[in-house]
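> Starting from these lines, generate the structure:
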Amino acid sequence: MVRPTSNDKRIAIIEAKKRNEPVKQIKKWLNISESTINRIWNKYQKTGKYQPTPYKGRKSKLTPQQDQQIRNTITKTPDITLLELINKLSLNMTEGGLSYHLKKMGLTFKKRCSIQMDKNVKTYL
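Next up, the predicted model:
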């Protein structure tokens with residue numbers, strides 16, 4: 001993720017634009033793209049603010065009730081697979097998405113192999 005432009009540079013852009021300095025000169029001086037300069041200036045003109053808008057992230061696909069159902073199901077059947085969990089609770093997500101969500105919830109799966117493996121057979125795990 002790209003970091004937002006520092007507040008010092010934002011203030012310098014606004015002060016330079018107030019003095020009617022050309023964008024190309026500001027660009028050279030601060031080593032910032034013209035589009036960033038214009039975006040910061042336009043935001044300042046519309047709102048009077050120069051601070052970056054905080055990134056809020058993406059809204060979760062699962063409700064708190066579904067989170068609780070997942071916790072209860074895992075507590076009752078700890079050896080359930082991701083696919084079985086998706087099918088049992090009719091979740092509208094992929095196994096990868098559920099795995100990521102479970103990590104955010106503080107839950108991890110450590111699946112043991114149910115069959116004894118032959119020592120002579122190479123496996124890639």
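
> List the buried residues for stretch 46-60?
Within stretch 46-60, the residues that qualify as buried by neighbour count (16 or more other CB atoms under 10 Å) are Tyr50. The C-beta positions use only the backbone N, C-alpha and C, and glycine is treated the same way.

> How far off centre is that stretch?
Stretch 46-60 has its C-alpha centroid displaced from the chain centroid by 15 Å (CA atoms, centre = their mean, to the nearest Å).

> Can you pull the domain assignment for this protein?
The chain breaks down into these domains under automatic domain parsing: 7-47, 64-105.

> In CSV, list these along with mean pLDDT and distance to Thr53.
What follows is those, written out as CSV (pLDDT from 0 to 100; distance: least, CB to CB, whole Å):
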stretch, mean pLDDT, distance to Thr53
domain 7-47, 94, 8
domain 64-105, 91, 23
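
> Can you lay out those as a markdown table showing distance to Tyr55?
What follows is these, written out as a markdown table (distance: least, CB to CB, whole Å):
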| stretch | distance to Tyr55 |
| --- | --- |
| domain 7-47 | 15 |
| domain 64-105 | 16 |
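
> Now the residue positioned nearest the centre of the chain. Its backbone dihedrals?
Ranked by distance to the mean C-alpha position of the chain (CA atoms, centre = their mean), the top residue is Gly57 at 5.5 Å. Reported as degrees, to the nearest 10, the phi and psi values for Gly57 are phi 80, psi -180.

> Would you map the helices across the chain?
7-18, 23-30, 34-47, 64-76, 82-89, 95-105 (DSSP state H).

> Hmm, Lys49 and Lys43 touching each other?
Yes - counting by CB atoms under 8 Å, Lys49 is a contact partner of Lys43 at 6.8 Å.

> Check the offset of stretch 6-18 from the chain's centre.
Here the centre of mass of C-alpha atoms in stretch 6-18, compared against the chain's by CA atoms, centre = their mean, lies 29 Å away.

> CA atoms only for that stretch, dumped as CSV, please.
The C-alpha atoms that make up stretch 6-18 are tabulated as CSV, following Å, rounded to 0.1, in the frame of the first residue of the first chain:
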residue,chain,number,x,y,z
SER,A,6,3.1,13.8,4.5
ASN,A,7,1.2,16.8,6.1
ASP,A,8,4.4,18.9,5.7
LYS,A,9,4.3,18.5,1.9
ARG,A,10,0.5,19.0,1.9
ILE,A,11,0.9,22.3,3.7
ALA,A,12,3.7,23.3,1.3
ILE,A,13,1.5,22.5,-1.7
ILE,A,14,-1.3,24.6,-0.3
GLU,A,15,0.9,27.6,0.5
ALA,A,16,2.6,27.4,-2.9
LYS,A,17,-0.8,27.3,-4.7
LYS,A,18,-2.0,30.3,-2.6
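
> Thanks a lot, catch you later.
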